[in-house]
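K.L.:
Predicted model and sequence below, questions to follow.
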Amino acid sequence: MSDSDKNDASPERSLNRRMLGKLLVIAVLMFGFGYALIPVYKKICEVTGVNFLTPKDVTVEAPSNSQIDKSRTVTIEFDGNSQGPWRFRPTVASMKVHPGEMTQVVYEVVNTQARSVDAQAIPSYAPQQSAAFFKKVECFCFTQQTLGPNQAKQMPVVFYIDPALPKDVTTITLSYTFFEIGGQAKKAS
């Protein structure tokens, strides 16, 4: 290489080094901006009230459900009948609820056979007019149940009583009949 080539390469190297330095500074600034963006975003959301999940005042009470009629109670009685090889019963005989209040009760079933069975529960209500006001959110009666040999199962019912229930109805009986589907026995594996 001649001296003139070395002199030509030197200004290019100097320019390349300067460019590399500028690019590194820009990359560091971009990283810092991205890192600082999270607290800035949270602060902007807090100030504007957009997408802000936690309230400043932790003593604020949760709003009460205004659809609950706390001026009256309804007694719900639970009953279980079985048509098949099991024991079936509610874990509580009755409870008092306010119309509109979400409530849960658990039924227990025990397969007393040494074979698997498929079963279904069918609800009934007394008085009959209360059926339209008894709203089940979750219930084992929605699907068929498979019980293994000698298996015990806890099955919840989540419900509420529609506040439009006539005021003269003070007691509702929820009764389930639990029966084997098709009467076909499955062989124990």
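P.N.:
Good, I have the coordinates. Residues are numbered from 1 along each chain as shown.
K.L.:
Please count neighbours and contacts with C-alpha atoms only from this point.
P.N.:
OK.
K.L.:
Return the residues in contact with the residue nearest in space to the middle of the chain.
P.N.:
Taking CA atoms, centre = their mean as the criterion, Glu138 is the residue nearest the geometric centre of the chain, at 11.1 Å. Each residue near Glu138 by CA atoms under 8 Å, 6 or more residues apart in numbering is listed here: 156-159.
K.L.:
what do you get for Gly84?
P.N.:
Applying CA under 8 Å, 6+ apart, one finds that Gly84 lies in contact with 178-180.
K.L.:
So, low pLDDT: which residues of this protein?
P.N.:
Flagging of the chain using pLDDT under 70 yields the residue ranges 1-9, 49-66, 182-189.
K.L.:
and with 80 instead?
P.N.:
Counting by pLDDT under 80, the chain contains low-confidence ranges at 1-9, 38, 41-42, 44-66, 83-85, 182-189.
K.L.:
Tell me how it divides into domains.
P.N.:
When the chain is parsed with automatic domain parsing, its domains come out as 1-58, 74-180.
K.L.:
Buried deepest among those domains, which one?
P.N.:
The highest average neighbour count among the domains of the chain, using mean count of other CA atoms under 10 Å, belongs to domain 74-180 at a mean of 17.
K.L.:
can you tell me the distance between the two ends of that one?
P.N.:
32 Å (CA to CA, to the nearest Å).
K.L.:
Now Ser82: closest residue in space, sequence neighbours ignored.
P.N.:
If the residues on either side of it in the chain are set aside, Ser82 comes closest to Phe178, at 4.7 Å by CA to CA, 6 or more residues apart in numbering.
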